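[1] Here's a sequence, model it:
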Amino acid sequence: MESKITSLVHWLNESDQFKLAPHLGVNESDESGRGIVLIDGALKKNEVIVSVPGTYQLNFHTVLHHISKFNRTLNIPRVTTSHEEIDEQEMSDPRYKAYNVLNQNFLLNLSSFQLLALYILAEWVLLPFWSHGRIKSFWEPFFAVWPTQEELKSFPAIWSCSKKSEYKHLLELLPSASEKHMIKLSKLMENDWAIISPILTEWDNLFRANAELPKNDELFEEFLHIYCIINSRCLYKEVPLKKHDLESQFTMVPFVDFLNHTQEVDVHCYPFKHSLQKDLYSLGPFTIKCGYHMYKLPGEEILLNYGAHSNDFLINEYGFVVKQNNWDSLDISKEVCAMIIDDAMIQFLKNNDYWEDYTINMTGISYRVVVAMSLAVTGDYKKTEKLLLGLISEDYFFPKIKDSLCVILLHLRKQFVQTIQFLERERDICSQNLLTIFQQYVEIIDRNLSRISK
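    Alright, predicted model coming up:
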């Protein structure tokens with residue numbers, strides 16, 4: 001891996017706009033994977049840690065720009081390239097044939113996920129087959145440091161969608177919050193695959209006579225792998241061509257994607273916002289600066305807060321979990337909703353936007369739980385409405401609902417302990433991630449049971 005990191009930095013240094021703070025290195029560990037560490041020296045507040053020019057980022061604009069080098073029909077101001085004469089030797093590049101099946105309307109209607117997944121499949125997976133290994137993508141040094149399929153096996157959506165996954169049995173153990181997120185991501189993956197797969201079929205028809213190409217099932221596995229790479233490494237960036245699609249507002253930034261997550265907010269490094277469109281054909285540089293935390297210890301890891309995310313979110317979006325996650329909560333919607341069988345009660349809660357999304361965390365029970373359970377236990381609409389209006393305190397209802405709440409929590413605790421006992425026998429990372437989630441759930445329950453019994 002060290003030689004690949006060296007090649008990546010050498011590639012980035014081909015641009016005089018690339019900046020990297022001195023005395024930084026990339027370290028690899030079993031616990032956190034690859035991460036950026038301080039070798040010696042120190043980093044001060046607002047010092048640039050790394051800045052990557054827009055032309056070395058993968059996003060909707062740069063992908064269209066690179067495709068337009070091989071497709072002269074594309075014409076998008078400040079995005080597509082101005083075409084020059086092409087000699088016969090250049091025309092032997094198979095991408096002229098491949099990318100000319102892509103019309104501008106089709107490309108502009110793709111989401112960022114769909115476009116990047118299609119383009120990366122072409123440049124990383126298919127180009128070596130199309131060219132019989134004689135042509136390498138401009139992005140090859142970036143591709144080379146991406147995690148393997150084996151390294152990304154811990155995403156629940158992979159367990160669900162991949163035919164090769166050995167972890168489908170763990171789907172039954174997913175807590176409800178993780179399961180909901182997994183189902184959402186799986187549907188997005190399957191939908192995006194359905195949109196780009198006709199192009200893959202066209203490419204297969206174009207090249208199969210002259211090359212031994214991956215079969216459709218193999219390409220689907222590569223697509224899942226690429227999708228998880230994009231999803232776990234994309235960073236927020238305004239994309240003007242997709243301004244009405246929030247999910248498409250992102251870029252992928254080499255070297256920056258080595259920064260690992262910290263729970264601490266506004267302490268470590270942070271993205272510095274540049275004005276948009278600083279570079280022709282790109283969205284401008286992406287810069288990370290040092291925050292309040294002064295890095296001065298050799299071997300100290302440089303960290304970036306990904307957001308206030310629970311483990312149910314992290315396992316699905318990034319494939320990892322955090323022990324003692326401050327943002328964890330336990331979703332008890334299923335159990336609370338089961339108490340409310342009266343249609344009028346359900347309608348009342350829906351009308352007041354208090355139906356479902358019932359959670360508890362280390363600091364206590366959410367207000368939504370108190371409202372829903374107060375109505376379910378007492379059947380008193382008038383007093384529940386006063387609770388909603390702030391005219392009655394939660395203290396009035398809590399003695400009435402605490403026994404029912406304890407029953408729910410004790411029932412869940414028993415279930416979780418059984419699941420923990422099963423997962424403790426499994427040593428793989430996927431099972432261990434779930435184990436961490438359930439252990440945290442039990443801690444949340446115990447903290448709340450202790451609080452209720454006082």
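[2] show me where the stretch 351-454 of the chain has helices.
    Ranges of helices in the stretch 351-454 of the chain, per DSSP state H, counting those that start in this stretch, are 367-378, 381-388, 394-423, 429-452.
[3] To C228, which of these lies closest?
    Among the helices of the stretch 351-454 of the chain, the nearest to C228 by C-beta to C-beta is helix 429-452 (13.5 Å). The C-beta positions use only the backbone N, C-alpha and C, and glycine is treated the same way.
[4] Quick check: buried residues in that closest one?
    For helix 429-452, a neighbour-count test (16 or more other C-beta atoms under 10 Å) marks 429-431, 433-442, 444-445, 448, 452 as buried.
[5] show me where pLDDT drops low in this structure?
    Counting by pLDDT under 70, the ranges of the chain that qualify are 1, 29-32, 83-90, 275-281.
[6] Strands along that one, start to end?
    Taking DSSP state E to define them, one finds strands in the chain at 19-20, 24-29, 33-38, 48-52, 234-236, 250-252, 260-261, 270-272, 286-289, 303-304, 329-331, 359-361, 364-365.
[7] Neighbouring strands - and their directions - for the second one?
    Spelled out, it's strand 24-29. Paired with strand 24-29 in the same sheet, following DSSP bridges, are strand 33-38 (antiparallel).
[8] Kindly report the same for the fourth one.
    Taking DSSP bridges as the criterion, strand 48-52 forms sheet pairs with strand 19-20 (antiparallel), strand 286-289 (antiparallel).
[9] Give me the contacts around the last one.
    Outside strand 286-289, the residues that touch it by C-beta atoms under 8 Å, 6 or more residues apart in numbering are 19, 46-52, 54, 57, 235, 237, 251, 253, 256, 259, 269-272, 274, 304.
[10] Likewise for stretch 403-416?
    Residues outside stretch 403-416 that contact it (C-beta under 8 Å, 6+ apart): 330, 332, 335-336, 339, 360, 365, 369, 373, 376-377, 438, 441-442, 445-446, 448-449, 452.
[11] Go again with 6 Å.
    Stretch 403-416 is touched from outside by E335, V377, F438, Y441, V442, I445, L449, with contacts defined as C-beta atoms under 6 Å, 6 or more residues apart in numbering.
[12] quick one: which two of the residues you listed are the most distant?
    Top of the distance list for those (C-beta to C-beta): V377 and F438, 27.8 Å.
[13] Quick one: the helices of the stretch 351-454 of the chain as a markdown table, columns for distance to I183 too.
    Shown next, in a markdown table, are the helices of the stretch 351-454 of the chain (distance: least, C-beta to C-beta, whole Å):
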| stretch | distance to I183 |
| --- | --- |
| helix 367-378 | 22 |
| helix 381-388 | 31 |
| helix 394-423 | 19 |
| helix 429-452 | 16 |
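[14] Of all those helices, which one is nearest F129?
    It is, among those and with distance given as C-beta to C-beta, helix 429-452, at 31.1 Å.
[15] Which elements pack onto the closest one?
    Packed against helix 429-452 by the contact rule (3 or more C-beta pairs under 6 Å, 6 or more residues apart in numbering; DSSP states H and E) you find helix 394-423.
[16] Give me the distance between the helix it packs on and the centre of its chain.
    Its chain's C-alpha centre and that of helix 394-423 lie 31 Å apart, by C-alpha atoms, centre = their mean, to the nearest Å.
[17] between it and helix 429-452, how big is the angle?
    150 degrees (axes from the mean of the first three to the mean of the last three C-alpha atoms, to 10 degrees).
[18] beta partners of Y236?
    Taking DSSP bridges as the rule, Y236 bridges to F250.
[19] care to break the chain down by domain?
    Domain ranges of the chain: 2-56+253-317, 60-248, 329-452, per automatic domain parsing.
[20] And the shortest one, end to end?
    Taking C-alpha to C-alpha, to the nearest Å as the measure, domain 2-56+253-317 stretches 27 Å from start to finish.
[21] now that domain, how far from the centre of its chain.
    17 Å.
[22] what residue of this structure is the furthest out?
    Ranked by distance from the centre of the chain (C-alpha atoms, centre = their mean), the top residue is K382, with 43.6 Å.
[23] How much space separates it from S232?
    Distance of K382 to S232, computed by C-beta to C-beta, to the nearest Å: 49 Å.
[24] Could you give the bridge partners of the nearest residue to V37 once chain neighbours are set aside?
    Nearest residue to V37 in three dimensions, chain neighbours excluded: N27, at 4.5 Å (C-beta to C-beta, 6 or more residues apart in numbering). In this structure, N27 bridges to G35 when assessed by DSSP bridges.
[25] N27 against I36, yeah?
    No. With contact defined as C-beta atoms under 6 Å, N27 does not reach I36; the gap is 7.6 Å.
[26] Looks like A211 contacts L127 (just checking).
    No. A211 lies out of contact with L127 (C-beta under 6 Å); the separation is 10.5 Å.
[27] More neighbours: the two, which one.
    Taking neighbours as other C-beta atoms under 10 Å, A211 and L127 compare with L127 leading, 20 against 15.
[28] residue contacts, the more buried one?
    S137.
[29] Could you report the separation of it from H10?
    Separation of L127 from H10 (C-beta to C-beta) stands at 21 Å.
[30] what do you get for V321?
    From V321 to H10 the distance is 35 Å (C-beta to C-beta).
[31] Between these two, tell me which one has more neighbours.
    Of the pair V321 and H10, V321 is the one with more neighbours under other C-beta under 10 Å, namely 23 against 10.
[32] How much space separates the more buried one from I5?
    On the measure of C-beta to C-beta, V321 and I5 end up 26 Å apart.
[33] same thing with L410?
    L410 sits 51 Å away from I5, going by C-beta to C-beta.
[34] K69 too?
    The gap separating K69 from I5 is 28 Å, by C-beta to C-beta.
[35] The residue nearest to V37 - how many residues pack around it?
    Residues near N27, counting by other C-beta under 10 Å, number 15.
[36] now do N75
    Counted with other C-beta under 10 Å, N75 comes out at 11.
[37] Would you check how far apart it and S68 are?
    Here N75 is placed at a distance of 8 Å from S68 (C-beta to C-beta).
[38] what does E356 give?
    For E356 relative to S68 (C-beta to C-beta), the value is 46 Å.
[39] what about those two, which has more around it?
    Between E356 and S68, S68 has the larger neighbour count (other C-beta under 10 Å), namely 23 against 14.
[40] Let me see the contact set for that one.
    Neighbouring residues of S68 by C-beta under 6 Å, 6+ apart: L74, T80, T81.
[41] Identify the spatial nearest neighbour of it, chain neighbours not counted.
    Nearest non-adjacent residue to S68 (C-beta to C-beta, 6+ apart): T80, at 3.6 Å.
[42] Could you say which of the strands paired with strand 48-52 is packed most deeply?
    Of all those, strand 286-289 carries the top mean neighbour count, a mean of 22, counting by mean count of other C-beta atoms under 10 Å.
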